[in-house]
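>>> 3D model of this:
(one chain, ligands or ions: 2)
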Amino acid sequence: MTVPTTAPTTASTGLRIEDLTVTYPGRRTRGLRRPPPMTAVRGVSLDVAPDETVALVGESGSGKSTIARAIVGLVAPSSGSIEFDGASLADRRARGQRARRNIAVIFQDPRTALNPRMSAEASICEAWQAHPEAAPPGVRSDPRRRRDAVVDLLDQVGLDPDVARKRPTALSGGQCQRVSIARALALGPRLLICDEAVSALDVSVQAQVLQLLVSVREARSLSMLFITHDLGVVRQVADRVAVMRRGELVESADAQTLFAAPRHDYTRALLDAALDIDPVA
Ligand SMILES: Nc1ncnc2c1ncn2[C@@H]1O[C@H](COP(=O)(O)OP(=O)(O)O)[C@@H](O)[C@H]1O
Ligand SMILES: [Mg+2]
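Ligands and ions are numbered 1, 2, ... in the order given. Predicted coordinates for the structure are as follows:
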């Protein structure tokens, strides 16, 4: 038996995706033959360090959301690994569960992300029922403490206490997305994944919600995986940019370098397209 003579390499921190491939089974449509499986993400490796914001960009269908879904366990990787602070997110034991709790996701459409029958308070509290070990003290047994904790989270996302009682239909798109953010923060995550989190909002509201995400990130020293097709947004938030094309990662560089000197033709084309539609400054 060989005994290792050196310590294992230092434990990695933050999110580490290695050689991730995700293949969807063909979707069966009534009366039609099942289409062939579809590989949406192929061999992608990507890290997000503590405190770092990485933008994941690329045109529609390039596999960005599939990566987000794989990180939070909504789709299973066909191969490759996803770890947080060295613990595999696929690990069913306590270690994996702790790692998964460190990651929260905000999706594009706040109205479908929130249950239409539930008040903002109920939506936010759901996470505490599912993960009592990560809930603030007393919130599961004492309604007053629960209300206080909810009001505190609402305050952190710029919403009034009376929003707690309201359902999504009584709120604007921007308010719904703020509730989604409050819910994402309820378990004290360390990595926030934003999948087109401002894309569905009115242009006038986009900047405000983006500003909120940036200030929440700073206040809590979060890492962020910021998924977007909007390169204008990337410029404002990202330390590093990773570019997806047809399921593969084609370029990854720090934001300034990428904007100043994109190496890949496809990145250049994306940047040119973005400049065309950006309003003249
Ligand atoms: N559930 C699914 N079943 C089959 N194919 C899917 C499924 N979800 C997404 N796809 C396909 O996978 C590819 C990547 O999709 P997605 O990750 O949503 O891209 P993006 O977020 O970059 O727009 C697309 O071609 C899409 O049609
Ligand atoms: Mg998407």
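>>> and for the residue of the stretch 101-250 of the chain found nearest ligand 1, the neighbour number?
Nearest residue of the stretch 101-250 of the chain to ligand 1, counting by C-beta to the nearest ligand atom: residue 244, 6.4 Å away. (Glycine included, C-beta is placed from N, CA and C.) Counted with other C-beta atoms under 10 Å, residues neighbouring residue 244 total 25.
>>> which SSE is it in?
strand 240-245 (DSSP states H and E).
>>> quick check: mean pLDDT across that strand?
For strand 240-245, mean pLDDT is 96.
>>> now the helix or strand residue 267 falls within and strand 240-245, what's the angle there?
Per DSSP H and E: residue 267 is located in helix 265-277. Interaxial angle, helix 265-277 versus strand 240-245 (axes from the mean of the first three to the mean of the last three C-alpha atoms, to 10 degrees): 100 degrees.
>>> not counting helix 265-277 itself, show me its contacts.
For helix 265-277, contacts defined as C-beta atoms under 8 Å, 6 or more residues apart in numbering pick out 57-59, 230-232, 243, 245, 250-251, 258-259, 262.
>>> these, buried ones only, as a PyMOL selection?
The following PyMOL line selects those of the contacts of helix 265-277 that are buried, judged by 16 or more other C-beta atoms under 10 Å:
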select buried, resi 57+58+230+231+243+245+250+251+258+259+262
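>>> how many residues are close by residue 131?
Around residue 131 there are 15 residues (other C-beta under 10 Å).
>>> ok, it to residue 72 distance?
Distance of residue 131 to residue 72, computed by C-beta to C-beta, to the nearest Å: 14 Å.
>>> swap in residue 87?
Distance from residue 87 to residue 72, by C-beta to C-beta: 15 Å.
>>> same question for residue 102.
As judged by C-beta to C-beta, residue 102 and residue 72 stand 11 Å apart.
>>> when the two are compared, which one has more neighbours?
residue 102 (19 against 15).
>>> which residue sits closest to the more buried one, ignoring its sequence neighbours?
Nearest residue to residue 102 in three dimensions, chain neighbours excluded: residue 190, at 4.6 Å (C-beta to C-beta, 6 or more residues apart in numbering).
>>> quick one, what contacts that neighbour?
50, 102, 103, 222, 223.
>>> need phi/psi at the second one.
The reference is to residue 102. In terms of degrees, to the nearest 10, the main-chain angles of residue 102 are phi -80, psi -10.
>>> ok, it touching residue 189?
Yes - using C-beta atoms under 8 Å, residue 102 is in contact with residue 189, at 5.6 Å.
>>> pLDDT at the closest residue to residue 20 other than its chain neighbours, what is it?
Excluding the flanking residues, the one nearest residue 20 by C-beta to C-beta, 6+ apart is residue 80, at 3.7 Å. Here the pLDDT value assigned to residue 80 is 97.
>>> quick one: residue 80 from ligand 1, how far?
Residue 80 is 15 Å from ligand 1, where distance means C-beta to the nearest ligand atom, to the nearest Å.
>>> with residue 86 instead?
26 Å.
>>> that residue against residue 14, yeah?
No - the pair residue 86 / residue 14 is not scored as a contact, 9.6 Å apart, by C-beta under 8 Å.
>>> more neighbours: these two, which one.
A side-by-side neighbour count of residue 86 and residue 14, using other C-beta under 10 Å, places residue 14 first with 19 against 14.
>>> which other residues reach the one helix or strand the residue nearest to residue 20 maps to?
Secondary-structure assignment from DSSP H and E places residue 80 in strand 79-84. The contact list for strand 79-84, computed with C-beta under 8 Å, 6+ apart, reads 12, 14-21, 43-45, 70-71, 88-90, 99-100, 102-103, 191.
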